[in-house]
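> here's my sequence, what's the structure:
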Amino acid sequence: MGKYSDIRRGKELNEALTKLRAWEDLSRDAKQTLYKGQRGSSVKVNANRVKGYVESFGLVGRIYLPTRLLSSTQTTQAALINTVRTAAAASSRTHDVGFTVPTGGVLLDGLKGYKPAKLSLTDRGTEVADNKSRITNIEYKRYDNKTVSSPFGAGTDTETYQAAVTDIKGQSAIETFLQSTGNRIAFTPEIL
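Numbers count the residues shown, from 1 in each chain. Sure, this is the predicted structure:
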């Protein structure tokens with residue numbers, strides 16, 4: 001049995017459940033229209049990407065796999081994108097298409113299902129004025145956040161994923177970025 005406070009909220013929660021079920025019955029187009037209407041002036045970060053390579057953490061030897069890297073010619077949201085690109089590229093963790101493969105290194109373009117390790121930074125924006133849920137119409141606090149991610153690989157043939165994560169977290173630009181309230185960093189390990 002629930003707490004008395006949960007029981008007292010029964011009517012309110014039942015109304016929210018009814019609204020949720022009505023939302024679930026909408027078509028995909030109707031849901032997208034409502035989403036766009038609520039998003040208002042918020043602008044998603046559309047990062048330009050170019051072909052590049054990262055060295056795998058999990059394969060034996062100097063194996064470089066293709067990926068999409070952040071372009072250096074980005075103009076919108078350039079500060080956030082430059083921070084992510086610089087952090088991911090530090091210590092030769094990313095490589096442009098024309099890089100010189102070290103002796104004994106192999107470019108492996110045909111590997112299926114590979115997903116490189118990823119660094120993501122989320123920059124907390126200002127609080128959004130229209131903060132009601134488009135589903136239940138309940139108010140909650142919401143921010144105009146911007147998130148940018150970049151793949152990264154091993155900087156040396158012996159570097160582990162955990163060592164790379166520790167090094168990236170320790171960069172002064174990342175530490176400065178994380179000092180702002182609400183800013184976050186996330187890492188995703190590679191999938192072979």
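
> what distance separates the top helix by length along the chain from the centre of its chain?
Looking across the chain with DSSP state H, the single longest helix is helix 10-24. Put simply, helix 10-24 sits 31 Å off its chain's centre (Cα atoms, centre = their mean, to the nearest Å).

> before we move on, what about stretch 6-18?
That offset, for stretch 6-18, works out to 34 Å (Cα atoms, centre = their mean).

> quick one: mean pLDDT over it.
Mean pLDDT, computed over stretch 6-18, is 82.

> isn't there a strand covering residue 67?
Yes - the assignment for residue 67 (DSSP: H, G, I helix; E, B strand; the rest coil) places it in a strand.

> next up, the contacts around it.
Contact analysis of residue 67 by Cβ atoms under 8 Å, 6 or more residues apart in numbering lists 51-54, 94, 116, 151. No exception for glycine: its C-beta is placed from N, CA and C like everyone else's.

> tell me how the protein divides into domains.
1-39, 44-188 (automatic domain parsing).

> most packed of those domains?
Among those, ranked by average contacts under mean count of other Cβ atoms under 10 Å, first place goes to domain 44-188 (a mean of 15).

> distance check, residue 76 against residue 82.
12 Å (Cβ to Cβ, to the nearest Å).

> what does residue 103 give?
Distance from residue 103 to residue 82, by Cβ to Cβ: 32 Å.

> just the pLDDT for the nearest residue to residue 181 once chain neighbours are set aside.
Leaving aside its sequence neighbours, residue 181 sits nearest to residue 124 (Cβ to Cβ, 6 or more residues apart in numbering; 6.8 Å). The score at residue 124 is 91. That number is its pLDDT.

> contacting residues for residue 124?
By Cβ under 8 Å, 6+ apart, the contact list for residue 124 reads 143, 145, 180-184.

> so where is this protein shaky, pLDDT-wise?
1-2, 38-43 (pLDDT under 70).

> could you point out which element follows the longest helix of the chain?
Scanning forward in sequence from helix 10-24 by DSSP states H and E, the next helix or strand is helix 28-39.

> which stretches of this protein form helices?
Using DSSP H, helices in the chain cover 4-8, 10-24, 28-39, 78-89, 161-169, 172-178.

> can you add distance to residue 191 and give those back as a markdown table?
Shown next, in a markdown table, are the helices of the chain (distance: least, Cβ to Cβ, whole Å):
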| stretch | distance to residue 191 |
| --- | --- |
| helix 4-8 | 40 |
| helix 10-24 | 31 |
| helix 28-39 | 28 |
| helix 78-89 | 17 |
| helix 161-169 | 12 |
| helix 172-178 | 24 |
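
> so which of these comes closest to residue 70?
When the helices of the chain are ranked by proximity to residue 70, the top entry is helix 78-89, at 4.2 Å, counting by Cβ to Cβ.

> send the alpha carbons of the closest one over as CSV?
Provided in CSV are the C-alpha atoms of helix 78-89 (Å, rounded to 0.1, in the frame of the first residue of the first chain):
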residue,chain,number,x,y,z
ALA,A,78,31.5,27.3,-32.6
ALA,A,79,32.6,27.7,-29.0
LEU,A,80,31.0,24.5,-27.7
ILE,A,81,32.0,22.5,-30.9
ASN,A,82,35.6,23.7,-30.7
THR,A,83,35.8,22.7,-27.0
VAL,A,84,34.5,19.2,-27.8
ARG,A,85,36.7,18.8,-31.0
THR,A,86,39.9,20.0,-29.2
ALA,A,87,39.3,17.8,-26.2
ALA,A,88,38.6,14.7,-28.4
ALA,A,89,41.6,15.4,-30.6
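
> nothing else from me, thank you.
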